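J.: Structure, please.
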Amino acid sequence: MPKVVDHDLRRSELADAALAIAAEHGIKAVTTRAVAERSGWSTGVLNHYFKSHRDLLLGALRRAAEIQGRMFRELRLDATTDPLRRLKLFVESVLPLDDRRVAMTRIFLVFYAEAAADPAAREEVADYLHNWRRVVERIIVEAQKTGQVDPALSASRLAVELVGLSDGLAMHAMLDPDILAQLTAHGFELTLLDRHWRLAPAGP
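T.: Sure thing, here's the model as predicted:
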């Protein structure tokens, strides 16, 4: 009886290997041979799932977005943490402060550059950013209901600003070691909302 192959699991394993290599050694190190060796599968298996180097990077990007999306959902549904704290954790969740987030940021840098000329890449990145803003907007609305964010402000506009700010910080941190050092040493990401938003009074 032929063995049942979990293709989704195998694809995820290969993408995870690509992410690990990207985090440790950079995008240029993400080769077919390196990913095959890291994952424990042959190059033939890898080529079956990813037809080109670009497909491999795109698979890693989607895998990173899937993992990040799961984290977003967990944060959004965490009833033990108040909305403003969750917003601050959202900022921190995309900054390159561990291997997974370093890999994700490096791959996004590649696709951001590609998106300028490739509609397919632009659509992929835009879809991810749209989903990210939608989740952030929901938490902002919750924070407005609890009086932690000024209810007179536009939740959708604030979501655009917060996502753009945190995304930009992540990119800058990968390009400038001084910025990354500030983020890791001083917890700068946890004070962004206080510095850039007009928060509603906490109470009497």
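J.: quick one: least confident helix or strand in the chain?
T.: None of the helices or strands of the chain scores lower by mean pLDDT, DSSP states H and E than helix 192-196, at a mean of 60.
J.: can I assume residue 14 is in contact with residue 43?
T.: No - using Cβ atoms under 8 Å, residue 14 is not in contact with residue 43; the gap is 10.8 Å. C-beta coordinates here come from the backbone N, C-alpha and C atoms, glycine included.
J.: higher neighbour count, the two?
T.: Shown here are residue 14 and residue 43; by other Cβ atoms under 10 Å, residue 14 has more neighbours (25 against 13).
J.: ok now the helix ranked longest in the chain, how far from the chain's centre?
T.: Using DSSP state H, we find that the single longest helix of the chain is helix 119-145. The chain centroid and the centroid of helix 119-145 are separated by 11 Å under Cα atoms, centre = their mean, to the nearest Å.
J.: This structure: helices as residue ranges?
T.: Taking DSSP H as the criterion, the chain carries its helices at 7-25, 32-39, 43-49, 53-76, 83-94, 99-115, 119-145, 155-175, 177-186, 192-196.
J.: Quickly, which of the ones you listed bottoms out on average pLDDT?
T.: Per-segment confidence across the helices of the chain bottoms out at helix 192-196, which has a mean of 60 in mean pLDDT.
J.: coming back round to it: what is the longest helix of the chain packed up against?
T.: Based on contacts counted as 3 or more Cβ pairs under 8 Å, 6 or more residues apart in numbering; DSSP states H and E, the elements that helix 119-145 packs against are helix 53-76, helix 83-94, helix 99-115, helix 155-175.
J.: Tabulate the ones you listed in TSV, adding columns for distance to residue 132 and mean neighbour count.
T.: Putting these into TSV (distance: least, Cβ to Cβ, whole Å; neighbours: other Cβ atoms under 10 Å) gives the following:
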stretch	distance to residue 132	mean neighbour count
helix 53-76	7	18
helix 83-94	8	20
helix 99-115	11	19
helix 155-175	5	18
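J.: Tabulate these in TSV, adding columns for distance to residue 137.
T.: Supplementary listing: those in TSV, determined by distance: least, Cβ to Cβ, whole Å:
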stretch	distance to residue 137
helix 53-76	10
helix 83-94	11
helix 99-115	21
helix 155-175	4
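J.: Show me the one of the ones you listed that comes nearest residue 133.
T.: Using Cβ to Cβ as the measure, helix 155-175 is the one of those that comes nearest residue 133, at 4.5 Å.
J.: Thank you kindly, that will do.
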